[in-house]
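Enquirer: Pasted the sequence and its predicted model underneath.
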Amino acid sequence: MGDKSRSYKGFGDVSRRTFIVGTSSILGAAIAGGRAAAAPPLTPGARVPALVIGTGYGGSVAALRLAQAGVDVQMVEMGMAWDTPGPDGKIFANTTTPDQRSFWLRTRTKQPLSNFLGFPIDKDIPRYTGILDAEEFGGIIVYQGRGVGGGSLVNGGMAVTPKRENFGAVLPTVNADEMYNTYYPRANAGLGVATIDPAWFDTTDCYQYARVGRKHAQRSGFPFVFVPDVYDWDYMKKEAAGTVPKSALAGEILYGNNYGKKSLQKTYLAQIKATGRVTITPLHKVTSVAPASGGGYTVTMDQLSTAGDTIATKTVTADKVFFAAGSVGTSKLLVKLKATGALPNLSNEVGKGWGDNGNVMCGRANHLWDATGALQASIPCGGIDNWAAGGAFAEVAPLPTGIETYASFYLSITKNPNRAEFTWNGAAGKVDLNWQTAWKQPSIDMAKSIFDKINAKEGTIYRTDLFGVYKIWGDHLTYHPLGGAVLGKATDNYGRLHGYPGLYAIDGSLIPGNTSVNPFVTITALAERNIEKIIATDL
Ligand code: FAE
């Protein structure tokens with residue numbers, strides 16, 4: 001287990017000593033103690049066979065399958081290891097009491113629901129390499145997980161395979177038979193996906209909010225569907241019975257989940273650890289990848305302190321480099337590297353085709369006879385499917401405030417057609433995204449295809465107090481960034497980046513902006529498909 005003797009400020013700095021190389025040591029410090037010395041340690045200046053940038057879904061699939069094929073892999077992650085408890089005995093902070101662990105290098109929280117009863121709820125926190133990044137572009141805030149496990153650390157775990165009839169629009173160049181026969185099942189198995197026991201759903205207090213959501217959906221003629229998740233449902237039953245420490249029933253979600261959720265740390269990353277071939281280096285941010293003399297690519301990275309300062313810069317040479325920094329991270333790197341001359345031959349498609357998966361949020365105010373419950377499981381388990389008729393799939397989401405709110409809350413995924421582009425801003429030395437807030441209007445219209453009808457049927461109204469004062473729609477954000485290195489455009493049909501043999505994109509950047517449902521199962525399945533081909537033909 002984590003070394004509890006370390007100071008709070010440093011937790012996560014020096015990671016579990018088995019397979020994650022401590023970040024306060026140099027890259028390549030010997031892996032002390034623990035199980036078998038894992039992969040050959042990464043030494044600055046060394047040559048390595050494969051380097052993976054990022055430890056989310058795409059990166060974890062790539063690293064696992066490469067390691068199982070006998071390749072030594074280095075994974076580089078800008079966030080922390082998240083394996084060591086803080087002074088409260090917990091690794092992760094609670095959603096209702098954010099602290100420095102909660103946000104990536106901010107001095108004030110930036111909560112997706114900024115207000116409650118009209119009052120702002122954000123608060124000051126120490127600047128720290130925390131778990132949730134609220135990355136601000138001109139017209140949108142993109143929420144992302146930071147740390148070993150990427151988005152799996154902060155997400156709701158909703159693990160949804162798109163309907164087969166929608167797949168052609170999700171990944172038009174991919175063979176659907178192969179995906180539905182082989183790679184979606186492989187991804188679901190690897191992630192530990194399961195669906196709630198319907199009998200328990202019908203009786204447990206913690207899903208009263210979802211039962212109200214179901215009732216209102218069905219009374220307006222919309223199908224309510226159970227949504228699979230990677231949460232351990234048996235564990236949640238024990239939480240409800242009071243026999244184990246609570247996480248879903250303690251409101252944990254956005255800033256990490258201490259017990260029941262099967263994040264990548266418990267699935268793919270645990271399997272990665274068992275191979276003994278993969279070294280993971282947290283708190284290192286890749287800044288450049290460029291062809292190396294003698295073949296391969298020179299990868300440059302900044303070692304970060306937990307205050308976000310660069311405390312060392314290191315380079316290694318890798319024969320193969322997998323960009324798995326997430327849609328935004330991979331797009332930003334590729335656009336910068338093309339524009340600044342490190343990788344000038346990348347396709348002109350790099351940076352294009354970015355979408356927000358049509359995310360938009362809203363709340364409804366229920367009548368007093370439709371209480372949604374003071375105790376709400378933070379893990380959503382159902383949705384309202386109006387994709388075919390109205391272009392919206394709405395998660396019935398929790399509002400785990402600990403008090404009765406009489407509110408129903410929803411995150412809708414919509415068929416928003418707008419796509420944005422990342423570009424290099426040389427004057428500012430950063431990458432911009434040209435998304436406009438007004439581009440969410442189609443999403444609002446599609447979500448209204450569900451909620452206007454429910455409100456009319458129930459005689460209810462929208463909440464106006466969750467995203468500001470008299471503001472109905474949470475149209476300023478996305479949880480689901482997708483695209484920027486689109487499959488078959490910036491890459492070939494397996495993620496090989498055009499112009500540079502040995503460079504691959506293998507994360508949400510490959511997907512052209514929308515998956516019709518929550519995206520991580522599709523990201524995982526596509527990564528499984530692509531890495532199988534790459535291992536068979538490129539190694
Ligand atoms: P991701 O998981 O973001 O991993 C990328 C990793 O790369 C991160 O750990 C980064 O810190 C790291 N990185 C970035 N840049 C660098 C760099 N330069 N150097 C080194 N490391 C770097 O990418 N999806 C669902 O399907 N179901 C849900 O219920 C769900 N809920 C969500 C709730 C929230 C609050 C959020 C934020 C997201 C949610 N998502 C959900 C989205 C899902 O987590 C996301 O699509 C995936 O995590 C994306 O996977 P990738 O492998 O593309």
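Expert: Sure, I can see it. Residues are numbered from 1 along each chain as shown.
Enquirer: Surely Asn386 touches Asp452?
Expert: No. The pair Asn386 / Asp452 is not scored as a contact, 11.4 Å apart, by CB atoms under 8 Å. Using the backbone N, CA and C atoms, a C-beta is placed for each residue, glycine as well.
Enquirer: Pick out whichever of those two has more residues nearby.
Expert: Higher neighbour count among Asn386 and Asp452: Asn386, with 24 against 13, using other CB atoms under 10 Å.
Enquirer: Contact partners for that one?
Expert: Listed by CB atoms under 8 Å, 6 or more residues apart in numbering, the contact set of Asn386 reads Phe222, Ala392, Phe393, Ala394, Ser449, Ile450.
Enquirer: again, only this time at 6 Å
Expert: Each residue near Asn386 by CB atoms under 6 Å, 6 or more residues apart in numbering is listed here: Phe222, Ala392, Ser449, Ile450.
Enquirer: do you know how far the last one is from the ligand?
Expert: It refers to Ile450. According to CB to the nearest ligand atom, to the nearest Å, Ile450 stands 19 Å off from the ligand.
Enquirer: what about that residue, how many neighbours?
Expert: Residues lying near Ile450 (other CB under 10 Å) number 26.
Enquirer: could you say which helix or strand contains it?
Expert: Ile450 is part of helix 441-458, with elements assigned from DSSP states H and E.
Enquirer: and that helix, what other elements does it pack with?
Expert: helix 208-219, strand 360-365, strand 382-386, strand 392-397, strand 407-414 (3 or more CB pairs under 6 Å, 6 or more residues apart in numbering; DSSP states H and E).
Enquirer: neighbouring strands for whichever helix or strand comes after it, and are they parallel or not?
Expert: For helix 441-458, the following helix or strand on the C-terminal side (DSSP H and E) is strand 461-462. Next to strand 461-462 in the sheet, as set by DSSP bridges, lie strand 360-365 (antiparallel).
Enquirer: Now do the same for the partner strand: mean pLDDT, whole number.
Expert: Strand 360-365 comes out with an average pLDDT of 98.
Enquirer: tilt between that strand and helix 441-458?
Expert: Taking axes from the mean of the first three to the mean of the last three CA atoms, to 10 degrees, one finds strand 360-365 and helix 441-458 inclined to each other by 20 degrees.
Enquirer: For strand 360-365, C-alpha coordinates in PDB please.
Expert: Taking C-alpha atoms only, strand 360-365 is exported to PDB below (Å, rounded to 0.1, in the frame of the first residue of the first chain):
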ATOM      1  CA  VAL A 360     -25.200  19.900 -22.400                       C
ATOM      2  CA  MET A 361     -26.600  19.900 -18.800                       C
ATOM      3  CA  CYS A 362     -29.900  20.900 -17.200                       C
ATOM      4  CA  GLY A 363     -32.000  20.500 -14.100                       C
ATOM      5  CA  ARG A 364     -35.700  20.300 -13.600                       C
ATOM      6  CA  ALA A 365     -37.600  21.400 -10.500                       C
END
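Enquirer: Is the ligand within reach of that strand?
Expert: No. Legend: contact between strand 360-365 and the ligand by CB under 6 Å from any ligand atom is lacking; minimum distance shown is 11.2 Å.
Enquirer: contact partners of that strand?
Expert: Strand 360-365 is contacted from outside by 407-412, 440, 443-444, 447, 460-463, 466, 472-475, using CB under 6 Å, 6+ apart.
Enquirer: In contact with Ala318, which residues?
Expert: With CB under 6 Å, 6+ apart, Ala318 has these contacts: Val48, Leu51, Gly296, Tyr297, Val299.
Enquirer: what about the residue in the stretch 101-250 of the chain positioned nearest to the ligand, which SS state?
Expert: Residue nearest to the ligand within the stretch 101-250 of the chain (CB to the nearest ligand atom): Gly151, separated by 2.0 Å. Classification of Gly151 using DSSP: H, G, I helix; E, B strand; the rest coil returns helix.
Enquirer: Dihedrals phi and psi, the nearest residue in space to it that is not next to it in sequence?
Expert: Nearest residue to Gly151 in three dimensions, chain neighbours excluded: Gly145, at 4.1 Å (CB to CB, 6 or more residues apart in numbering). Torsion angles at Gly145 (phi, psi; degrees, to the nearest 10) stand at phi -80, psi 140.
Enquirer: pretty sure Gly145 contacts Gly156?
Expert: No. If you go by CB atoms under 6 Å, Gly145 and Gly156 don't touch, sitting 11.6 Å apart.
Enquirer: how about the residues of the stretch 301-450 of the chain near the ligand?
Expert: Applying CB under 6 Å from any ligand atom, we find that the stretch 301-450 of the chain lies next to the ligand at Ala324, Ala325, Gly326, Ser327, Gly329, Leu333.
Enquirer: Quick one: end-to-end length of stretch 506-522, please.
Expert: Stretch 506-522 has an end-to-end distance of 12 Å (CA to CA, to the nearest Å).
Enquirer: dump the residue contacts of Tyr268.
Expert: Applying CB under 6 Å, 6+ apart, we find Tyr268 in contact with Ser60, Leu64, Gly190.
Enquirer: Now the phi/psi pair for the closest residue to it other than its chain neighbours, please.
Expert: Leaving aside its chain neighbours, Tyr268 sits nearest to Ser60 (3.9 Å; criterion: CB to CB, 6+ apart). Taking degrees, to the nearest 10, you get phi -70, psi -40 for the backbone angles of Ser60.
Enquirer: Is it correct that Ser60 is in contact with Gln265?
Expert: No. Contact status for Ser60 versus Gln265: not in contact, 9.5 Å apart, counting by CB under 6 Å.
Enquirer: Out of the contacts of Tyr268, who's the most crowded?
Expert: Neighbour-wise, those (other CB under 10 Å) top out at Ser60, 32 neighbours.
Enquirer: Distance check, that residue against the ligand.
Expert: Applying CB to the nearest ligand atom, the value for Ser60 to the ligand is 8 Å.
Enquirer: per-residue confidence for that residue?
Expert: At Ser60, the pLDDT recorded in the model is 99.
Enquirer: Since that was my last question, I'll sign off now.
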